[in-house]
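1. Sequence plus the predicted model coming up.
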Amino acid sequence: MLADTAREVTVTETSDVPASFDAALSNVGRRALVTGAAGFIGSHVCRTLLRGGWTVTGIDGFTDSYDPVEKLMRAASLARLAGMTLAVGNLADMELDTHLDGVEAVFHLAGRAGVRASFSSEALYIRDNVVATERLLRAARRGGVRRLIYASSSSVYGDGEVPFHEDAPLSPISPYGKSKLEAERVCLDTGGRDLETTALRYFTVFGPGQRPDMGLRLFAEAALTGGRITLLGDGTQRRDFTYVTDVVSATVAAADSPVSGLAINVGGGCAVSIAEVLDLLARLTGSRLQVDRQPFARGDVKTTSADLGRAQRLLGFTPLVPFEVGYEREVAWLRERLDQKVGVPV
Ligand SMILES: NC(=O)c1ccc[n+]([C@@H]2O[C@H](COP(=O)([O-])OP(=O)(O)OC[C@H]3O[C@@H](n4cnc5c(N)ncnc54)[C@H](O)[C@@H]3O)[C@@H](O)[C@H]2O)c1
């Protein structure tokens, strides 16, 4: 019952991604490996690929970055879908070759995310982001994979000049950002004619299923349960929030784009301040938010904003879901989970 409900919610939410019958037919027989398949974005990527006719193997290590039960619930829901196979293991030490047999494209979304936690557990970030990526790249090359798409991050820019352009100087200010940049370089440097690689720099991804450590979800959970919101900083910091189905569209499009060795921004197209987020949340929930103010957090940049020219040119990418619409969907999804007393949203 739980899994059925979860599946319904997710299928509705991926409906922004067009999947025509013809497109699905043309993908039949194509095999993809999705790492981080039980994660927030990885699980959406798996569903979209399956809907598009691909056969998908997912790998996830169910790391302790947040409650692994949340990841297990996503995995259980995915495992019911035709064309989906799941393997459990950490890319940093698991056997990989058998999972790459016949794989045409690798969507590498496994990674230890989160800026703040990275200051206290740097070694885990190196293992899960850098070592894992190096091993995967070597295995992909051995396995004859045609293309690898890496989930990089806007964190590689640090507090750079906005909008961030892919060729701008990169100076990440957190161990997380540094590990993502190192892994991105491993991908782009290892790529070549036999294995084409693309790094997609995602900008703060949100929507149903969002990670429980991310601000938008924490704010909404507090608002819906009468809890207190912790605001780090004065609310003027801005984020280029990107709705998850837009991120998935760009990611899947990268599998067929004739581009290699490049980083490409994937952003939502509009930088929204945290103060604006809280105003919208108060309207969406009809509640008076209780906000505790604290100093800016280490590693938080002032503004993120993506230059989307390259994504438009090379991937035909345009974000479709405006922030207000996407956040309303995330809040509705959370409200439904809380109303049903389903402890673990999927
Ligand atoms: N969510 C965002 O706003 C955002 C922004 C920029 C980049 N990214 C990147 O996108 C990817 C997915 O992010 P998410 O928000 O879905 O995070 P997530 O934590 O929900 O998903 C990542 C998944 O990867 C798994 N994993 C981590 N390290 C692994 C390893 N070494 N081997 C096997 N499995 C491993 C985790 O168990 C988890 O299920 C990450 O690489 C993240 O750095 C995310």
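-> Alright, I've got the coordinates.
2. Excluding chain neighbours, give the residue nearest to the residue of the chain found nearest the ligand in space.
-> Here the chain gets closest to the ligand at one residue, residue 39, 1.9 Å apart by C-beta to the nearest ligand atom. All C-beta spots, glycine's among them, are computed from the backbone N, C-alpha and C. Residue nearest to residue 39 in three dimensions, not counting chain neighbours: residue 109, with 6.2 Å by C-beta to C-beta, 6 or more residues apart in numbering.
3. do residue 111 as well
-> Per C-beta to C-beta, 6+ apart, closest to residue 111 is residue 129, 5.0 Å.
4. ok, that neighbour - how many residues close by?
-> Applying other C-beta atoms under 10 Å, we find 29 other residues in the vicinity of residue 129.
5. Kindly confirm my reading that it forms part of a strand.
-> No: Residue 129 sits outside any strand when classified using DSSP: H, G, I helix; E, B strand; the rest coil, being helix.
6. for the stretch 51-200 of the chain, what are the low-confidence residue spans?
-> The stretch 51-200 of the chain contains no residues with pLDDT under 70.
7. now the helices for it?
-> 68-79, 122-125, 132-142, 175-190 (DSSP state H, counting those that start in this stretch).
8. Need the ones you listed in CSV (columns: mean neighbour count and distance to residue 266).
-> Below are these laid out as CSV (neighbours: other C-beta atoms under 10 Å; distance: least, C-beta to C-beta, whole Å):
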stretch, mean neighbour count, distance to residue 266
helix 68-79, 20, 21
helix 122-125, 17, 21
helix 132-142, 21, 18
helix 175-190, 22, 13
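9. Output the ones you listed as JSON lines; include the columns distance to residue 210.
-> Below are these laid out as JSON lines (distance: least, C-beta to C-beta, whole Å):
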{"stretch": "helix 68-79", "distance to residue 210": "11"}
{"stretch": "helix 122-125", "distance to residue 210": "20"}
{"stretch": "helix 132-142", "distance to residue 210": "22"}
{"stretch": "helix 175-190", "distance to residue 210": "17"}
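10. of all those, which lies closest to residue 97?
-> For those, proximity to residue 97 was assessed by C-beta to C-beta; helix 132-142 is nearest, at 5.9 Å.
11. Taking helix 175-190 as reference, get the angle to the closest one.
-> 20 degrees (axes from the mean of the first three to the mean of the last three C-alpha atoms, to 10 degrees).
12. Helix 132-142: how far from the chain's middle?
-> Chain-centre distance of helix 132-142: 20 Å, with C-alpha atoms, centre = their mean, to the nearest Å.
13. is it up against the ligand anywhere?
-> Yes: residues of helix 132-142 contacting the ligand under C-beta under 6 Å from any ligand atom: residue 132.
14. can you list contacts of that helix?
-> When contacts are defined by C-beta atoms under 8 Å, 6 or more residues apart in numbering, helix 132-142 is touched by residues 35, 90-93, 96-97, 100, 103, 106, 108, 110-111, 148, 150, 183, 186-187, 190, 194-195, 197.
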